[in-house]
Every structure is written in structure tokens, then in C-alpha cells.
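Participant: pasted the sequence and its predicted model underneath.
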Amino acid sequence: MAESVTHTHVVRRLYRPDLAMFRDHLVRLDADTRYNRFGLHVSDEYLGNYADLCFAPGSITYGYFEDGVIRGASELRMFPSKDLPYHKDAEAAFSVETPWRRRGIGAELMTHIVLAARNRSIGTLSIFCLRHNQAMLRLAKKFEADLKFEMSDVTGRLEARPPSAWSLWHEFVDNTLDLGSALIDYQGRVIHNAKQKIGFAS
């Protein structure tokens with residue numbers, strides 16, 4: 001009888017030390033997933049350059065980690081709203097490696113994006129989606145309580161509820177824990193790489 005394998009996973013915000021891991025995740029995306037994500041066929045070099053943009057000011061990126069490796073990611077990019085003074089609009093994007101599809105990872109990532117967008121008073125949240133991308137359309141349907149989607153271009157408008165003390169506290173606590181986890185992960189990678197260089201890696 002084969003032993004069952006238990007995988008540990010976590011979704012957390014990504015920081016600059018996670019850039020290399022995030023870039024590796026994007027490069028692992030197969031051709032179809034890349035096309036669905038970007039709307040065109042893109043090279044590894046393009047993805048490497050794109051990864052840098054996801055850590056620029058005005059951008060928030062979350063990663064789905066399984067056994068310490070990023071297998072899915074969501075991005076939130078904010079810019080001044082055209083319709084609401086002193087508010088912001090945003091674009092969101094998602095990517096999940098093919099072997100990890102249909103596990104609810106997109107929904108986990110979307111939950112973080114919706115919370116971050118609401119806490120920043122985002123008015124309109126645009127999500128790029130090709131018409132044949134049924135996975136993204138199903139994901140949008142799951143969040144119809146929080147977002148009203150115009151399915152012609154998959155643009156979601158957040159309900160007008162303002163951020164609450166709970167939503168702000170929830171994200172603050174998550175981000176604090178995420179930063180601590182990111183620093184621990186980074187320290188572990190530095191130690192591991194140092195051991196490899198001197199020949200002591202297991």
C-alpha cells in the first residue's frame with residue numbers, strides 16, 4: 001500500500017527577497033498558461049523582466065507556496081481612478097502552474113487580492129481574461145458577492161463598502177506574519193546556498 005504524501009502550503013505576500021522564486025514560478029508556466037495570463041506568447045526573458053515590475057511601488061504580489069516553492073501567484077497593480085477623486089483603480093492577474101490547477105489555489109489568492117483592494121478603497125478591479133479561459137470565469141463567479149463583473153471584459157467593480165476595522169486589522173496581521181515568514185525563508189535560502197558553495201549541502 002502506497003504511503004500518502006502530505007504537502008504543506010501557505011499563501012503570503014511576496015517581498016523583494018522572493019523575487020528569484022517568483023521569477024522561477026513564472027518561467028515554469030507552460031505555453032498555454034502563459035498565453036492565458038498575458039494574452040500572447042512570451043519568452044523566459046520577458047517573464048524575467050516582468051517579475052521585477054511586480055515589486056515596484058503600487059504593486060502587491062501574493063504567492064502560493066507548496067513545500068517552500070511558489071506554485072501560484074496573484075498580482076494587484078494600483079493607479080489613480082479616472083472616475084472617483086482620491087480613489088484608486090487596480091488590475092489583478094493570476095497564475096497557477098498546470099499540475100496545481102483545480103485545487104482551489106486561485107480562490108485562495110483571489111481572497112487576498114479582494115481584501116487588499118477593499119482596504120485601499122479600490123473602485124474598479126480589472127482582471128484580464130480571454131473568452132476561452134473558463135477557469136478564470138469560474139473564479140470570478142465565486143466572488144460575485146464581493147465583485148460585480150462585466151463579463152464582456154471581465155472587469156470587476158468592488159461593492160461600495162468602506163474598509164472596516166476588522167479588514168484593516170486582518171491584513172495588517174497577515175502582512176506582519178508574512179514579512180516574518182519571508183525573512184525566515186530568505187535566511188534559510190542564504191544558509192543553504194552557502195553550504196552548497198562549501199560542499200556541505202546534504
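Facilitator: Cool, got the structure.
Participant: so which residue is smack in the middle of the chain?
Facilitator: Among the residues of the chain, the one closest to the centroid is residue 74, at 1.7 Å (CA atoms, centre = their mean).
Participant: for that residue, which non-adjacent residue is spatially closest?
Facilitator: Distances taken as CB to CB, 6 or more residues apart in numbering place residue 109 nearest to residue 74, at 3.7 Å, with adjacent residues excluded. Placement of C-beta: from N, CA and C, glycine included.
Participant: can you list the buried residues in the host helix or strand of that neighbour?
Facilitator: Here residue 109, judged by DSSP states H and E, is contained in helix 105-119. Residues 105-106, 108-119 are the ones in helix 105-119 that count as buried (16 or more other CB atoms under 10 Å).
Participant: same check on stretch 118-125?
Facilitator: Buried residues in stretch 118-125 (16+ other CB under 10 Å): 118-119, 122-125.
Participant: that older thread, could you export the helix holding residue 109 as CSV, CA atoms only?
Facilitator: Taking C-alpha atoms only, helix 105-119 is exported to CSV below (Å, rounded to 0.1, in the frame of the first residue of the first chain):
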residue,chain,number,x,y,z
ILE,A,105,-5.5,27.9,-5.3
GLY,A,106,-6.9,30.6,-7.5
ALA,A,107,-9.7,31.2,-4.9
GLU,A,108,-7.2,31.5,-2.1
LEU,A,109,-5.2,34.0,-4.0
MET,A,110,-8.3,36.0,-5.0
THR,A,111,-9.4,36.3,-1.4
HIS,A,112,-6.1,38.1,-0.6
ILE,A,113,-6.5,40.3,-3.6
VAL,A,114,-10.1,41.3,-2.7
LEU,A,115,-9.1,42.1,0.9
ALA,A,116,-6.1,44.2,-0.2
ALA,A,117,-8.2,46.1,-2.8
ARG,A,118,-11.0,46.9,-0.4
ASN,A,119,-8.6,48.2,2.2
